[in-house]
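1. below is the structure, and that's it, no one-letter string:
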């Protein structure tokens, strides 16, 4: 039997924190029937706990995908510790447990970001002139990976030439979101939060700091379009499956190299 475990952060204060994980797990069950015998959700700050999730599955072939944007404390320390993982592949009690990387670093993430932006702009008029895509990250000066993944996706999108400009802004590191939005030289500015779930920052902090009035905010010099977090987009379910497949393929490739 084969299982997919999707790990989320969760929150005792924000009930929407775990919602995307449940939604993506449901989509995987519906759209990938037969690929996984079990699809299970678990969390750091909510039940079911990641510490007990391996007791909840019967499969001997398990892939763990963290529903996180970047590498950091949780993906590198907390999840491996709580699940008792030895590295990318753990063999224990007759089971093989593969541990995937976070979603934000995966090559398919730019596609999801662009889908989120397309959905936001659909049916809405834009001004004549240039259109900029601005990726909004949390960022932290304590972990370079947090901001690095936002820059990584911005560069990948920039290479495609879809938007006239692709910029990045952060809550807790430079450049600040407000400064980037004010300074971007475009008549249309599309803001996409590179977050997994809705929360205080996406619903309160960012809109208040930027003076946004909803999905569309008209200013004298530009129109600002504000999207939902990329992690809530339905296509993330496909991204999770692709990440799991890539992890399985990497293990098979390593096994061939060893033999």
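-> Cool, got the structure. It should be emphasised that the depicted structure is a prediction, and the values quoted were computed from it without experimental measurement.

2. now do the SS call for residue 85.
-> coil (DSSP: H, G, I helix; E, B strand; the rest coil).

3. just checking, it touches residue 99?
-> Yes. When contacts are counted by C-beta atoms under 8 Å, residue 85 is listed as touching residue 99 (5.3 Å). In short, each C-beta sits where N, CA and C put it, glycine included.

4. list the residues that contact residue 78.
-> Counting by C-beta atoms under 8 Å, 6 or more residues apart in numbering, residue 78 makes contact with residue 44.

5. residue 85 and residue 99: which is more packed in?
-> residue 99 (22 against 17; other C-beta atoms under 10 Å).

6. look up phi and psi at the more buried one.
-> phi -120, psi 120 (degrees, to the nearest 10).

7. what's across from it in the sheet?
-> Here residue 99 sits in beta bridges with residue 64, going by DSSP bridges.

8. roughly how far out does stretch 55-62 sit from the chain middle?
-> Taking C-alpha atoms, centre = their mean, to the nearest Å, one finds stretch 55-62 lying 25 Å from the centre of the chain it belongs to.

9. and that stretch, average pLDDT?
-> The average pLDDT within stretch 55-62 is 97.

10. for stretch 84-94, same thing?
-> If you average the pLDDT values across stretch 84-94, you get 95.

11. endpoint to endpoint, that stretch covers what distance?
-> 15 Å (C-alpha to C-alpha, to the nearest Å).

12. buried ones in stretch 158-169, by neighbour count?
-> 163, 166, 167, 168, 169 (16 or more other C-beta atoms under 10 Å).

13. so which of those belong to strands?
-> Among the buried residues of stretch 158-169, DSSP state E puts 166, 167, 168, 169 in strands.

14. quick check, nearest of the residues you listed to residue 183?
-> residue 167 (8.7 Å; C-beta to C-beta).

15. ok, the closest one to residue 133 distance?
-> According to C-beta to C-beta, to the nearest Å, residue 167 stands 7 Å off from residue 133.

16. and if you look at residue 232?
-> Taking C-beta to C-beta, one finds residue 232 at 18 Å from residue 133.

17. so which of these two has more stuff around it?
-> residue 133 (26 against 20).
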